[in-house]
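Peer 1: Give the three-dimensional model of this entry:
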Amino acid sequence: KNKVTVSGDINYRRNLWQYGKKVEQVMPALIEGTNYVLGGSTDIDNSTGIKEKSFEDTCNKFMKAFPSVQKVARTKRESVSSSHNRIYGVLYDGKRSYKSRTYELTHIVDRVGAGDAFMAGWIYSALKKMGEEEAIEFARKTAEYQSDYSDRLEESDIEGWDYYARWSEEGDCIWVIEKE
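Peer 2: Below you'll find the model as predicted:
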């Protein structure tokens, strides 16, 4: 209505859901106004009861039920050990899926916030009008960076600074921080 793109993460955590109502009683109303949704097939099922055999079929039915939804993305993480995971992302745009490369996270420092970092990377890619393949790769790389590096920046550390990511020739995400 106001031409603002709205993103939402519908990742359902049963142990954290303590609102006095069931998730499927709350989430559909929130999803109705959302354009970019982060959530896999299980999250969509938990939030809306929509369940199909494949991620793409689930997304198609989900997008028909919620016409404001333009794109759906999900992360997939395979735990090899506590410090070694494989991660990739999938983006569905209503027509086809785009899958990022799978990254081996072999020195995980902290998994907390990787999904939020993925979403932030996806939002950034939309603001920069990246194509779908570049967008899902960028989102996956931001999740990788969040999990793999211990030198976190706090917001107070970067006041008055401009920060952005760029790619090295090897395909690595490099965070650039400059004084404004």
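Peer 1: which residues sit in contact with Glu134?
Peer 2: With contacts defined as Cβ atoms under 8 Å, 6 or more residues apart in numbering, the neighbours of Glu134 are Ser125. To be clear about C-beta, it is placed using only N, CA and C from the backbone, and glycine gets the same treatment.
Peer 1: Name the SS class of it, please.
Peer 2: Three-state call for Glu134 (DSSP: H, G, I helix; E, B strand; the rest coil): helix.
Peer 1: how far away is the residue nearest in space to the middle of the chain from Ser125?
Peer 2: When the chain is reduced to its mean C-alpha position, the closest residue under Cα atoms, centre = their mean turns out to be Met119, at 3.5 Å. For Met119, the distance to Ser125 (Cβ to Cβ, to the nearest Å) stands at 11 Å.
Peer 1: ok, now Gly49?
Peer 2: 30 Å.
Peer 1: again with Val23
Peer 2: Where Ser125 is concerned, Val23 sits at a distance of 28 Å (Cβ to Cβ).
Peer 1: pLDDT of stretch 124-140, averaged?
Peer 2: Stretch 124-140 comes out with an average pLDDT of 85.
Peer 1: Straight-line length of that stretch, end to end?
Peer 2: Its start and end residues considered, stretch 124-140 measures 12 Å (Cα to Cα, to the nearest Å).
Peer 1: list the buried ones in that stretch?
Peer 2: Residues of stretch 124-140 classed as buried by neighbour count (16 or more other Cβ atoms under 10 Å): Tyr124, Ser125, Ala126, Met130, Glu132, Ala135, Ile136, Glu137, Phe138, Ala139, Arg140.
Peer 1: Determine the longest strand present in this protein.
Peer 2: Longest strand in the chain, counting residues (DSSP state E): strand 71-81.
Peer 1: Tell me which stretches of this structure form strands.
Peer 2: Using DSSP E, the strands of the chain run over 7-9, 36-38, 71-81, 84-92, 97-99, 103-105, 161-167, 173-179.
Peer 1: Which of these has the lowest mean pLDDT?
Peer 2: Averaged per stretch, pLDDT over those is lowest on strand 173-179, reaching a mean of 48.
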